[in-house]
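A.B. asks: Structure of the sequence below:
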Amino acid sequence: MTTETRLRIAMQKSGRLSDDTQALLKRCGLKLNVSDRRLLAHVTNMPIDIMRVRSSDIPGLVMDGVCDLGIVGDNTLEETALERERMGNKSSYIRTTGLNFGDCRLSIAMPEGFNYQGVKSLDGLRFATTYPQLLNRFARDKGINVEFCLLNGSVEVAPRVGLADGICDLVSTGATLEANGLVEVEEIFHSKASLIQTASPLSAPKQKILDTLLPRIQGVMKAKESKYIMLHAPKDKISEVSALMPGKETPTILPLAGRDDLVAVHVVATETFFWETMEELNALGCNSILVMPIEKMMS
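C.D. replies: Alright, predicted model coming up:
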C-alpha cells in the first residue's frame, strides 16, 4: 500500500505526552507496533503510520504536509506557529479536536522576595525561556518591554546564576519552581494536547480513515469525562430524582422484577457526580447507587 493511502500521524517519541497519546490510540482500537529504536511505527489493523519525533517537530511536520495529523501540546503548537509566521514560513493547520490530557500552563516566575506589583513590575526585565514568541506576544499585549535568553533545558537555574531576572516556563504542579526558589507570578498561556490536521486536502482513502478514527477519538474523550449512574428509586420520587441527575441526558427508567414501588434509573453523566448528590438521592429513598467509569462512547 502506498503512502497516499496510509494516514500518517506524528506523535511525541518520549516525554509527558507520549504515554497518553499511545494510550489514546490503543483505546481507539489501534494495534501499534512500536519499538524504542524505530521512529516510524505501523498500525497493524488499520492503514496508519505513526511517526515518533520530538514534540517541537510535530507542528512543522503537519504544517508542511509531511504528516496528515499530529498530537501536540498547544504551547508547542502556538510557539511554532508564531515563529513560522515571523519567518514567513507556512504556518496553517486545522485544530481538529482538543484532547483531555497534557494539561499545563506557561507562566512567568520570579525569585522569592521579588516585589511583584502587577505586570508593570516585569517591564525591562530579562527572562530565560523556551517560548520566546509566546513571551513576546504577552509583553506586546500588556504594553511592556522584555528581553529573553533562549534555553531548552534547566530554565529554572537561570536567575540563580545571573543569566536572567526571571523565567517563563511550563508549570504543572509548581514543585520544580519551589525547589529552585521561584514563585509563579503570571500565567500567560494555558495548554492541553490537541489533534491537528494538515490544511492540505486529504486523499479520498486518507479521508475515509480519518472519518473512522475521529469519532473514536471523540468517543474516548467523552467517555473519560463521563460516568454511568445506576440506582433504584421510588416510583413517586422520579421527578425529584431526575432533577438531581447531573448533565443533560434524560434518565432511562426500567421496571424492577417483583417491585411495584421501585424502578431502576440509568443515566450517563457528563458532569461531576458529587458525594453530596448521592446523599440527597439516598435521602429521597434511593438505594443501590452505583457510579461507574465508561470505556467507550458513540453518539
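
A.B. asks: Give me the three-state assignment for the nearest residue to T252 once chain neighbours are set aside.
C.D. replies: Closest residue to T252 apart from its sequence neighbours, by CB to CB, 6 or more residues apart in numbering: H266 at 4.4 Å. Every C-beta, even on glycine, is put in place using the N, C-alpha and C of the backbone. Assigned with DSSP: H, G, I helix; E, B strand; the rest coil, H266 falls in the strand class.

A.B. asks: distance of H266 from I229?
C.D. replies: 7 Å (CB to CB, to the nearest Å).

A.B. asks: Ok, N145 next?
C.D. replies: 54 Å.

A.B. asks: Can you pick out the residue with more neighbours from these two?
C.D. replies: I229 (23 against 11; other CB atoms under 10 Å).

A.B. asks: Isn't the more buried one up against V267?
C.D. replies: Yes. The pair I229 and V267 passes the contact test of CB atoms under 8 Å, sitting 5.1 Å apart.

A.B. asks: Touching both of those two, which residues are there?
C.D. replies: M245 (CB atoms under 8 Å, 6 or more residues apart in numbering).

A.B. asks: Okay, L214 and T21: tell me how far apart.
C.D. replies: 15 Å.

A.B. asks: residue contacts, the closest residue to G181 other than its chain neighbours?
C.D. replies: Among residues not flanking G181 along the chain, E112 sits closest, at 5.1 Å (CB to CB, 6+ apart). Counting by CB under 8 Å, 6+ apart, E112 touches G181, L182, V183.

A.B. asks: that's a helix at the last one, yeah?
C.D. replies: No. Secondary structure of V183 (three-state DSSP): strand, not part of a helix.

A.B. asks: Tell me how far the residue lying closest to it once chain neighbours are set aside lies from R160.
C.D. replies: Nearest non-adjacent residue to V183, counting by CB to CB, 6+ apart: E112, 5.5 Å away. According to CB to CB, E112 stands 11 Å off from R160.

A.B. asks: which residues are common contacts for the two?
C.D. replies: Joint contacts of E112 and R160 (CB under 8 Å, 6+ apart) are G181.

A.B. asks: Quick check on the contacts of E112: which are buried?
C.D. replies: L182, V183 (16 or more other CB atoms under 10 Å).

A.B. asks: Between the contacts of E112, which sits nearest L39?
C.D. replies: L182 (35.4 Å; CB to CB).

A.B. asks: which residues touch the residue of the chain positioned farthest from its centre?
C.D. replies: Centroid-distance maximum for the chain: G258 at 47.1 Å, with CA atoms, centre = their mean. Under the criterion of CB under 8 Å, 6+ apart, G258 has no neighbours.

A.B. asks: Please apply the same query to the one 5 residues further on.
C.D. replies: V263 sits next to H232, A233, K235, I238, I253, L254, P255, L256 when contact means CB under 8 Å, 6+ apart.

A.B. asks: Export those as a markdown table, with columns for distance to A175, pLDDT and neighbour count.
C.D. replies: Shown next, in a markdown table, are those (distance: CB to CB, whole Å; pLDDT from 0 to 100; neighbours: other CB atoms under 10 Å):
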| residue | distance to A175 | pLDDT | neighbour count |
| --- | --- | --- | --- |
| H232 | 45 | 96 | 18 |
| A233 | 45 | 96 | 25 |
| K235 | 52 | 94 | 13 |
| I238 | 48 | 93 | 15 |
| I253 | 48 | 94 | 15 |
| L254 | 48 | 95 | 11 |
| P255 | 53 | 95 | 11 |
| L256 | 50 | 94 | 14 |
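
A.B. asks: Give me the subset of the residues you listed that lies in strands.
C.D. replies: H232, A233, I253, L254, P255, L256 (DSSP state E).
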